[in-house]
Structures are given as structure tokens and as C-alpha cells.
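Visitor: can't give you the sequence, but here's the structure:
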């Protein structure tokens, strides 16, 4: 793979193409005030997303429900590891925030909550339903955990009628033991396949990171595996180390390599692919939905 390789003696310096805008401006301050007033979390901040400046300046944010503490503690992730009790009022506050921001496409993700009997599926459903009531013209995208492989939990979420359902593979199969020791590559693929089987009209989405130590062949194998699970939208981005306790970056992949991966992925049949150094799961999610013609009218007609 074309890349800037990791030195064994010291961490890599970020290359010039890893540049981000500082989060500033009226829209950014408005989102910060809204978050504080509503006591809500965004994955933009909790996961240290590099696109926070671009997205918040455009008035977009991805809500993270069920607190900011995860039970998995994956080696690549910057989210904390102290789960808190569920707040039954949170779904309503998320819906109010979607309305206040004037969002036509709401994106909701969560931490993984293995401590809950249903993995938090009921809380996801309640949030989707609250947004539906408060913002009937908005489409809803959710990025869900694997729910420990529980089919009933997945059905709970699907029954609430999200328009797009995403679940990230995150990395190639070989690296799972070190990167995602409490997750399972095959289980995640099966979950993606079940989404299509249980809700054929639902648009599905997945994504993974590069630059952790995978080979180019493993990347192409992962792209084919995800597409074989019936996934419609794919995101590919550069792994960026959130902190010193996380695994180091092995390589910084060149922008032209991301472009080649996008072309290869589109040839396998994905409807849309976002591939680039700073791409993340919800990057340009509203734009993708609009480009695919996903509106309340088209979704209703499909169902």
C-alpha cells in the first residue's frame, strides 16, 4: 500500500493532507450551547472526530445516546469506559435538538452497552420514535453496535423504522483480536446481512479504518465482505490515534490510494462510497442521503 510508514523509534508526524479546520463560528457556538442546555453528547466531540469544524460550521452534528462511557474499550477508540444509567428523557431531548437545529436528516449513534439486557436497543427505538413525532419530515440514520449478536435487539431497532442503519466493521478480520478484542468480525457481518433480510427497504451502511497495519489485499477482501452482506453505503477513513493509550498509527495512507479504494469499492456495487483521510461514519451523511434520493416521501413509497 502507498503510505507514509510508521517509524519503530518514534510516532509518525502527521502528513500535510491530515489537516482540519478549527471548530468556530456562529453555528459552532449554537451547537455547543444547545448541547450544554440539553445535556446531550455528540460523537463529534466524544470520539475526537477530525471533521467537527467542517460539520458544525455547516450546522450538522451526530448525537451519541446512552452516555459517553462504553463497555468495550476498543484499542482504537477515544470514548470513555464508564457507562452511566440510561436517561429516559434523553430521546425527547435529542428530538428537540434535531428540531432546534432544523435538521432534515438526523444521525444518531451510541456507545456499546453490554451491561444492558437488550444492549440499548429499546433506547435506540425510543429515540427514533421521538424524532419521528417531533420532526416528521426528517429522515433518521442510526449507527448501531452489534447488540451482542441478539436478533431480537436488532428487530427492536428496525421496528422503529429508521431510514438508514449503519454498523461499522472498523478493521480487517486479522486485526480484530488486538483492535476489537470484545467484538467479532463475523458477527458484525451477520448483523449487516440480517438488517437487509429483516428490513429489505432499509438502506444499510458500514465503514472501516485503514492505517492500523492491514495489507492492501486485506482491505479489498474487507470491501468485498461488506458488500456481500448487502451493504449500500461504505465509508473508508484514516485511523488517527485519539491518545497515548490507544494503538499507534502504522501508516498514513495517501489521498490517491483512498481514491483508488473508492473506485474499487464502487465497482463491487455500493450505491455510494466516501473514502478519504478524514472520512468518518457520519461524514456528509445528509449529503449521501440526498444524493441517493432518500426522503420521507421515497421511504414511504418503498415501504
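Guide: Right, received. Where do you want to start? Note that this is a predicted model, so its numbers are computed, not measured.

Visitor: what's near enough to touch the nearest residue to residue 211 once chain neighbours are set aside?
Guide: Nearest residue to residue 211, sequence neighbours excluded (CB to CB, 6 or more residues apart in numbering): residue 239, at 4.4 Å. The C-beta positions use only the backbone N, C-alpha and C, and glycine is treated the same way. By CB atoms under 8 Å, 6 or more residues apart in numbering, the contact set of residue 239 is 76, 209-212, 249.

Visitor: Over to residue 152?
Guide: Under the criterion of CB under 8 Å, 6+ apart, the contact partners of residue 152 comprise 118, 121.

Visitor: Within the helices and strands, which one has it?
Guide: Counting by DSSP states H and E, the element that carries residue 152 is helix 151-159.

Visitor: need the next SSE after that helix, C-terminal direction.
Guide: Scanning forward in sequence from helix 151-159 by DSSP H and E, the next helix or strand is strand 164-166.

Visitor: Now that next one: buried residues?
Guide: 164-166 (16 or more other CB atoms under 10 Å).

Visitor: Looking at those residues, spot the one nearest residue 13.
Guide: The shortest approach to residue 13 among the buried residues of strand 164-166 belongs to residue 166, at 32.0 Å (CB to CB).

Visitor: Could you find the closest non-adjacent residue to the closest one?
Guide: When the adjacent residues along the chain are set aside, residue 166 lies closest to residue 205, with 3.6 Å between them (CB to CB, 6+ apart).

Visitor: same for the stretch of helix or strand the one you found belongs to, what does it pack against?
Guide: When secondary structure is defined using DSSP H and E, the element that contains residue 205 is strand 203-210. Packing contacts for strand 203-210, counted by 3 or more CB pairs under 8 Å, 6 or more residues apart in numbering; DSSP states H and E, involve strand 164-166, helix 185-198, helix 216-228, strand 233-238.

Visitor: any idea which helix or strand comes after the last one?
Guide: Where DSSP H and E defines the elements, the next helix or strand beyond strand 233-238 is strand 251-253.

Visitor: any idea how far that next one is from the chain center?
Guide: Mean-position distance between strand 251-253 and its chain equals 21 Å (CA atoms, centre = their mean, to the nearest Å).

Visitor: Going along the chain, name the helices of the protein.
Guide: If you assign secondary structure with DSSP state H, the helices in the chain sit at 26-38, 43-46, 52-57, 90-101, 121-134, 151-159, 176-179, 185-198, 216-228, 255-267, 285-291, 296-302.

Visitor: For residue 110, find the nearest of those helices.
Guide: helix 121-134 (6.7 Å).

Visitor: List of residues touching that closest one?
Guide: Applying CB under 8 Å, 6+ apart, the contact partners of helix 121-134 are 65-66, 86, 88, 90-92, 94-96, 98-99, 106, 108, 110, 116, 138, 140, 142, 144, 147, 150, 152-154, 156-157, 159-162.

Visitor: how about a markdown table for the contacts of residue 239, with distance to residue 255 added?
Guide: Converted to a markdown table, these look like this (distance: CB to CB, whole Å):
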| residue | distance to residue 255 |
| --- | --- |
| 76 | 21 |
| 209 | 15 |
| 210 | 12 |
| 211 | 13 |
| 212 | 18 |
| 249 | 16 |
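
Visitor: low-confidence ranges in the stretch 1-150 of the chain?
Guide: In the predicted model, the stretch 1-150 of the chain carries pLDDT under 70 at residues 1-10, 20-61.

Visitor: Setting aside sequence-adjacent positions, which residue approaches residue 143 most closely?
Guide: With CB to CB, 6+ apart as the criterion, residue 143 has its nearest non-adjacent residue at 3.9 Å, and that residue is residue 109.

Visitor: So residue 107 sits against residue 94, correct?
Guide: No: using CB atoms under 8 Å, residue 107 is not in contact with residue 94, being 10.6 Å away.

Visitor: OK, contacts around the closest residue to residue 164 other than its chain neighbours?
Guide: Setting aside the residues directly before and after it, residue 164 is nearest to residue 141 in space (CB to CB, 6+ apart), at 3.9 Å. When contacts are counted by CB under 8 Å, 6+ apart, residue 141 is found next to 105-108, 162-166, 205, 282, 285, 289.

Visitor: about what we covered before: shared neighbours of residue 107 and residue 94, anything?
Guide: Applying CB under 8 Å, 6+ apart, one finds that residue 107 and residue 94 are jointly contacted by residue 63.

Visitor: Contacts only, for residue 147.
Guide: Contact partners of residue 147, counting by CB under 8 Å, 6+ apart, are 118-121, 153-154, 191.

Visitor: And residue 210, by the same measure?
Guide: The neighbourhood of residue 210, defined by CB under 8 Å, 6+ apart, consists of 1, 219, 236-239, 251, 253, 261.
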